[in-house]
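S.K.: Predicted model and sequence below, questions to follow.
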Amino acid sequence: EAQVTQNPRYLITVTGKKLTVTCSQNMNHEYMSWYRQDPGLGLRQIYYSMNVEVTDKGDVPEGYKVSRKEKRNFPLILESPSPNQTSLYFCASSFPGTRRFNEQFFGPGTRLTVL
Amino acid sequence: AQKITQTQPGMFVQEKEAVTLDCTYDTSDQSYGLFWYKQPSSGEMIFLIYQGSYDEQNATEGRYSLNFQKARKSANLVISASQLGDSAMYFCAMRENVGSYQKVTFGIGTKLQVIP
């Protein structure tokens, strides 16, 4: 089954404790992206990646890191989480170069709470 | 300036009626894409429809159509024959080319409620 998986789905942590949210897709997609969703703000892009070893900042990259060492994986790293990073996080992937490039496949979301 | 503007925080529609969800956008790119996603209360993001900036005809996908007015920079979603299952948040989004990269911006969403 074609899908984007994220782990963990739910996480409660404390300020300053490093964490990683994993994202993996099995569709051989080149483009991957991370978003955060907050009430009244919609989805905001954190980072995106056009391909392996190619990443760039979205609109709200502060406090986050990403890496793209393999095509299928795109982990989101919070080196020192703060309460303002409490949010719902989505990973998405798509295959650029096709007309349906914008049909990003989204993961199920990770609800993160930073105390 | 907002790149994607959705001015309707909430909308009601009677079952079986049509409804239009508004979206305006702002870009200086000549090549861009516009699309709509649905987010039911369960939380997943569901792709609905896509319109390329060079597409001459409005996109349609089943009961969904995109009313694309390039000069007005609007990309409204029209849902025909609304169903109770259409109750959800709806997000308009835009893909822009930023050099060799492609950035995606979402609007803040419109909550649609279908009334029996």
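M.R.: Noted; the coordinates are in hand. Residues are numbered from 1 along each chain as shown, chains lettered A, B, ... in the order given.
S.K.: Which helix or strand in chain B has the lowest average pLDDT?
M.R.: Counting by mean pLDDT, DSSP states H and E, chain B has its least confident helix or strand at strand B:101-106, which shows a mean of 84.
S.K.: Quick check: neighbours of the top strand by length along chain B in the sheet, parallel or antiparallel?
M.R.: Of all the elements of type strand in chain B, the one with the most residues (DSSP state E) is strand B:88-98. Strand pairing for strand B:88-98, determined by DSSP bridges: strand B:32-39 (antiparallel), strand B:101-106 (antiparallel), strand B:110-115 (antiparallel).
S.K.: now, of the ones you listed, which is deepest in the fold?
M.R.: Ranked by mean neighbour count under mean count of other CB atoms under 10 Å in any protein chain shown, those are led by strand B:32-39, which reaches a mean of 24. Placement of C-beta: from N, CA and C, glycine included.
S.K.: show me what contacts residue 21?
M.R.: Reading this off chain A. With contact taken as CB atoms under 8 Å, 6 or more residues apart in numbering or on different chains, A:Val21 is in contact with A:6-8, A:11, A:75-76, A:78, A:89, A:91, A:110, A:112.
S.K.: Correction: the question concerned chain B.
M.R.: If a contact means CB under 8 Å, 6+ apart, then B:Leu21 has B:6, B:8, B:11, B:36, B:76-79, B:90, B:92, B:110, B:112 as its contacts.
S.K.: For it, which non-adjacent residue is spatially closest?
M.R.: Taking CB to CB, 6 or more residues apart in numbering or on different chains as the measure, B:Leu21 lies nearest to B:Leu77, with 4.5 Å between them; neighbours along the chain are not counted.
S.K.: mind checking which helix or strand that neighbour is in?
M.R.: When secondary structure is defined by DSSP states H and E, B:Leu77 falls within strand B:74-79.
S.K.: residues in contact with stretch A:1-20?
M.R.: Under the criterion CB under 8 Å, 6+ apart, residues A:21-27, A:75-83, A:89-93, A:105-115 lie in contact with stretch A:1-20.
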